[in-house]
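[1] Provided below for reference: sequence and predicted model.
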Amino acid sequence: ENHRNKGKQTDSEREINFSVIGQYVDYLVKEQGVKNIFVNGTTGEGLSLSISERRQVAEEWVTKGKDKLDQVVIHVGALSLKESQELAQHAAEIGADGIAVIAPFFLKPWTKDILINFLKEVAAAAPALPFYYYHIPALTGVKIRAEELLDGIQDKIPTFRGLKFSDTDLLDFGQCVDQNRQQQFAFLFGVDEQLLSALVMGATGAVGSTYNYLGKKTNQMLEAFERKDLSLALNYQFCIQRFINFVVKLGFGVSQTKAIMTLVSGIPMGPPRLPLQKASREFTDSAEAKLKSLDFLSFADLKDGSLEASS
Ligand SMILES: CC(=O)N[C@H](C=O)[C@@H](O)[C@H](O)[C@H](O)CO
Ligand SMILES: CC(=O)C(=O)O
């Protein structure tokens, strides 16, 4: 396959630019204080990549993150159980720190037991790796409550270590925490604009798209929460909400996230892949103005060529 730049515009626009991943590791660690990476998920368009591409992306992150990142968790969910197992086994082979799986979303599991059976088969393909369930009902359409799924899950999936919870149902999330106090599960929250509420409920961490560029601000919120300075933590959360609320009104999704990542880091993320469409110039300009007005972005932060790359 032809992944590297061959000078043809169409190739570089359509293919993954593996060469920037190493740079991006350094950027996240140094500029955002982000040392745990979730690869091939929603933001990484994992489900729009071929299996071969997913393997290569995973390998690049693990290789470039060595001695720099704390944990690299690979999302290996797929519609095909066999492909998911292949990716799980591959994640183990390359030395990833964990795997995560979403519910299959075309032919869907309708009950908790069926979903567990699917997840169990994937987990068994990487028996030495921590396993995380990625709960994102708005995108998968699988609305089985996480609290139900977690009930007795370790008897079925011995490698189960936690949950990435990307939903706004804080009753469900709170009950996941409340009913599993005996376990040492990771409760990773995935709705960035509501993270503070989830921390109150017992979230042990967060995985989200905005940490690519608001990682530093979010870490300040986490530190304030840790120090029990709730009013300062709320200040940070409101600041983050002001930005997310602004972009949500403009239409905010993975494409727009990529444009902002390019803008803030100066590292070209490239356009998304079909069926997504590149964010408009108007979006990027408005987002940039908002970031500046909220003091999330100083002129000094803007790297040369960042506007070029996202235009
Ligand atoms: C649907 C989606 O992409 N969710 C992300 C993570 O799971 C979040 O990080 C959101 O992008 C973020 O909370 C903004 O709404
Ligand atoms: C944002 C996130 O959690 C994902 O890309 O899956």
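    Perfect, I can see it now. Ligands and ions are numbered 1, 2, ... in the order given.

[2] so Asn36 touches Asp70, yeah?
    Yes. Using CB atoms under 8 Å, Asn36 and Asp70 qualify as a contacting pair, with a distance of 5.4 Å. Using the backbone N, CA and C atoms, a C-beta is placed for each residue, glycine as well.

[3] out of these two, which sits in the busier spot?
    Just comparing Asn36 and Asp70: by other CB atoms under 10 Å the higher neighbour count belongs to Asn36, 18 against 11.

[4] residues in contact with the more buried one?
    Asn36 is in contact with 69-73, 205, 207, counting by CB atoms under 8 Å, 6 or more residues apart in numbering.

[5] Kindly provide the distance from it to Leu69.
    To Leu69, Asn36 is 7 Å away according to CB to CB, to the nearest Å.

[6] Out of the contacts of Asn36, which is nearest to Leu276?
    Distance ranking of the contacts of Asn36 against Leu276, using CB to CB, places Val207 first at 20.1 Å.

[7] what about the closest one, neighbour count?
    Other residues within reach of Val207 by the criterion other CB under 10 Å amount to 24.

[8] quick one: contacts for it?
    Taking CB under 8 Å, 6+ apart as the definition, contacts of Val207 comprise 36, 38, 41, 164, 166, 188-190.

[9] Contacting ligand 2 as well, which ones from those?
    The subset of the contacts of Val207 lying close to ligand 2, counting by CB under 6 Å from any ligand atom, consists of 38, 41, 190.

[10] Would you format the residues you listed as CSV with secondary structure and pLDDT included?
    Formatted as CSV, the ones next to ligand 2 among the contacts of Val207 follow (DSSP: H, G, I helix; E, B strand; the rest coil; pLDDT from 0 to 100):
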residue, secondary structure, pLDDT
Phe38, strand, 98
Gly41, coil, 98
Gly190, coil, 98
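
[11] Of those residues, which is the nearest to ligand 2?
    Of all those, Gly41 has the smallest distance to ligand 2: 2.4 Å, by CB to the nearest ligand atom.

[12] got a list of what that closest one touches?
    For Gly41, the residues meeting the contact criterion (CB under 8 Å, 6+ apart) are 75, 100, 134, 207.

[13] My guess is the third one contacts Pro104. True?
    No. Distance between Tyr134 and Pro104: 11.8 Å, which falls outside the contact criterion (CB under 8 Å).

[14] Spit out the residues that contact those two alike.
    When CB under 8 Å, 6+ apart defines a contact, the residues bordering Tyr134 and Pro104 alike are Gly77.

[15] which one of these two has more residues nearby?
    Regarding Tyr134 and Pro104, a neighbour count based on other CB under 10 Å identifies Tyr134 as having more, with 25 against 21.

[16] ok, then the element right after the host helix or strand of the more buried one?
    Assigned by DSSP states H and E, Tyr134 belongs to strand 131-135. Toward the C-terminal end, the helix or strand that comes next after strand 131-135 (DSSP H and E) is helix 137-140.

[17] Beyond that following helix, next helix or strand please.
    Helices and strands here follow DSSP H and E; after helix 137-140, the next one along the chain is helix 146-150.

[18] ok, and what's touching that following helix?
    112, 115-116, 133, 135, 163, 165, 167, 172-173, 175-176, 179-180, 185.

[19] which one is the residue in the chain that ligand 1 sits nearest to nearest to, not counting chain neighbours?
    The minimum distance from the chain to ligand 1, using CB to the nearest ligand atom, falls at Gly208 (3.1 Å). Beyond its immediate neighbours in the sequence, the residue positioned closest to Gly208 (CB to CB, 6 or more residues apart in numbering) is Asp192, lying 4.0 Å away.

[20] Could you do Thr140 as well?
    Computed as CB to CB, 6+ apart, the closest residue to Thr140 that is not its neighbour in sequence is Phe105, at 4.0 Å.

[21] Identify the residues contacting that neighbour.
    Phe105 sits next to 79, 139-142 when contact means CB under 8 Å, 6+ apart.

[22] make it 7 Å
    If a contact means CB atoms under 7 Å, 6 or more residues apart in numbering, then Phe105 has 140-142 as its contacts.

[23] Let me see the backbone angles for Ile153.
    Backbone dihedrals for Ile153, given as degrees, to the nearest 10, come out at phi -70, psi -30.

[24] Correct me if wrong: it contacts Phe160.
    Yes. Between Ile153 and Phe160 there is a contact at 5.0 Å, judged by CB atoms under 7 Å.

[25] quick one, domains of this protein?
    Following the TED database, one gets these domains for the chain: 20-208, 214-296.
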